[in-house]
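[1] kindly generate the corresponding structure for this input.
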Amino acid sequence: MHRPLATCLALLAALPLQAQTCGIDATALEARIAELEPSYGLILSDISCDAPTLPAHVVMCDAANTPNWTLWRMGRLDDLAWAYAVENATGQQIDLANPPRDASFLQARDACTDEACLCEVLIQHTNDSLGGTSPYPQ
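    Have a look, this model is predicted:
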């Protein structure tokens with residue numbers, strides 16, 4: 001027995017939105033970004049996509065220019081999450097124009113040469129920063 005195409009498409013549309021990148025829930029990712037943006041929206045990425053030279057930066061910048069820009073959005077969440085974590089740990093507001101950066105994380109991220117490595121590093125750092133409020137599995 002074959003199902004009509006419309007039925008199959010309706011079933012697919014009803015499935016939870018899963019980003020192919022990193023196997024994460026894109027809806028949960030965007031929801032958590034939306035929660036943090038009002039407080040930390042002025043923070044910019046430390047990655048410049050004008051002329052990236054590090055392989056990790058090239059992969060991130062390539063992701064920013066594709067329809068499925070989940071990896072870039074994961075980087076955005078991580079930037080916001082780190083600022084949130086620093087403020088919670090210190091009890092002090094940070095300078096949004098020049099936020100503190102986690103040097104050990106940047107070193108690990110920048111050592112990546114592929115998407116799988118970036119997924120792992122970004123998920124771990126975001127989970128460390130947000131704890132139970134991270135949209136990623138713990």
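
[2] C-alpha only now, for contacts and for neighbours.
    OK.

[3] so which helix or strand takes in residue 72?
    Element membership for residue 72 (DSSP states H and E) is helix 70-90.

[4] so which elements touch that helix?
    Where contact means 3 or more Cα pairs under 8 Å, 6 or more residues apart in numbering; DSSP states H and E, helix 70-90 is packed against helix 26-40, helix 55-64, helix 115-130.

[5] mind running it again at 6 Å?
    Secondary-structure packing of helix 70-90 (3 or more Cα pairs under 6 Å, 6 or more residues apart in numbering; DSSP states H and E): helix 55-64, helix 115-130.

[6] report the contact partners of the one residue sitting closest to the centre of the chain.
    For the chain, residue 74 is the residue whose C-alpha lies nearest the centre (Cα atoms, centre = their mean; 0.8 Å). Counting by Cα atoms under 6 Å, 6 or more residues apart in numbering, residue 74 touches no other residue.

[7] and for residue 137, the neighbour number?
    Counted by other Cα atoms under 10 Å, the residues lying close to residue 137 total 10.

[8] need the contact list for it.
    Contacts for residue 137 (Cα under 6 Å, 6+ apart) come out as none.

[9] three-state assignment of it?
    Following DSSP: H, G, I helix; E, B strand; the rest coil, we place residue 137 in the coil state.

[10] what's the neighbour count on residue 138?
    The burial count for residue 138: 11, using other Cα under 10 Å.

[11] ok, residue 25 to residue 71 distance?
    Distance of residue 25 to residue 71, given as Cα to Cα, to the nearest Å: 12 Å.

[12] and the angle for the helix holding residue 72 with helix 26-40?
    50 degrees (axes from the mean of the first three to the mean of the last three Cα atoms, to 10 degrees).

[13] can you tell me what sits against the helix or strand just after helix 70-90?
    The helix or strand immediately downstream of helix 70-90 is helix 103-110, counting by DSSP H and E. Applying Cα under 6 Å, 6+ apart, the contact partners of helix 103-110 are residue 56.

[14] and helix 103-110, what's buried?
    Burial within helix 103-110, assessed by neighbour count using 16 or more other Cα atoms under 10 Å, is assigned to 109, 110.

[15] taking their axis directions, that helix and helix 55-64 sit at what angle?
    Going by the same axes, to 10 degrees, helix 103-110 makes 70 degrees with helix 55-64.
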